[in-house]
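Visitor: Below are the sequence and a predicted model for it; my questions follow.
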Amino acid sequence: MCAKLGIRHLKMVPYRPQSNIAEWVNGNVVKIIRSYVKNYHSTWNSHINEFAFALRTAK
């Protein structure tokens with residue numbers, strides 16, 4: 001079924017987030033949020049659009 005739909009089936013090593021791109025992206029999101037809000041942890045959610053823009057436009 002994957003071949004018919006053009007989907008590549010990849011197997012990941014368990015408990016190794018470095019090999020999983022989704023985990024890598026999530027880790028970067030957390031780093032961006034931490035560096036941006038620093039001591040203002042109660043307001044991080046009001047900046048979600050800015051975080052998304054930064055991730056989408058970064059190269």
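Guide: Cool, got the structure. Numbering: from 1, shown residues only.

Visitor: show me the contacts for residue 55.
Guide: When contacts are counted by CB atoms under 8 Å, 6 or more residues apart in numbering, residue 55 touches 25, 28, 29, 32. From N, CA and C alone the C-beta is placed, and that goes for glycine too.

Visitor: three-state assignment of it?
Guide: Following DSSP: H, G, I helix; E, B strand; the rest coil, residue 55 is assigned to helix.

Visitor: Please, where are all the strands along the protein?
Guide: Using DSSP state E, no strands are assigned anywhere in the chain.

Visitor: could you pull out the helices for it?
Guide: In order along the chain, the chain carries the following helices (DSSP state H): 2-5, 21-37, 48-57.

Visitor: now the contacts of residue 55 in JSON lines, with pLDDT, distance to residue 2 and neighbour count?
Guide: Putting the contacts of residue 55 into JSON lines (pLDDT from 0 to 100; distance: CB to CB, whole Å; neighbours: other CB atoms under 10 Å) gives the following:
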{"residue": "25", "pLDDT": "80", "distance to residue 2": "23", "neighbour count": "11"}
{"residue": "28", "pLDDT": "81", "distance to residue 2": "28", "neighbour count": "13"}
{"residue": "29", "pLDDT": "82", "distance to residue 2": "28", "neighbour count": "14"}
{"residue": "32", "pLDDT": "79", "distance to residue 2": "33", "neighbour count": "17"}
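
Visitor: Dump those into a markdown table; add distance to residue 45 as well.
Guide: Formatted as a markdown table, the entries for the contacts of residue 55 read as follows, by distance: CB to CB, whole Å:
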| residue | distance to residue 45 |
| --- | --- |
| 25 | 19 |
| 28 | 18 |
| 29 | 13 |
| 32 | 14 |
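
Visitor: follow-up on the earlier one: in TSV: the helices of the chain, plus distance to residue 13.
Guide: Rendered in TSV, the data for those read as follows (distance: least, CB to CB, whole Å):
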stretch	distance to residue 13
helix 2-5	20
helix 21-37	11
helix 48-57	25
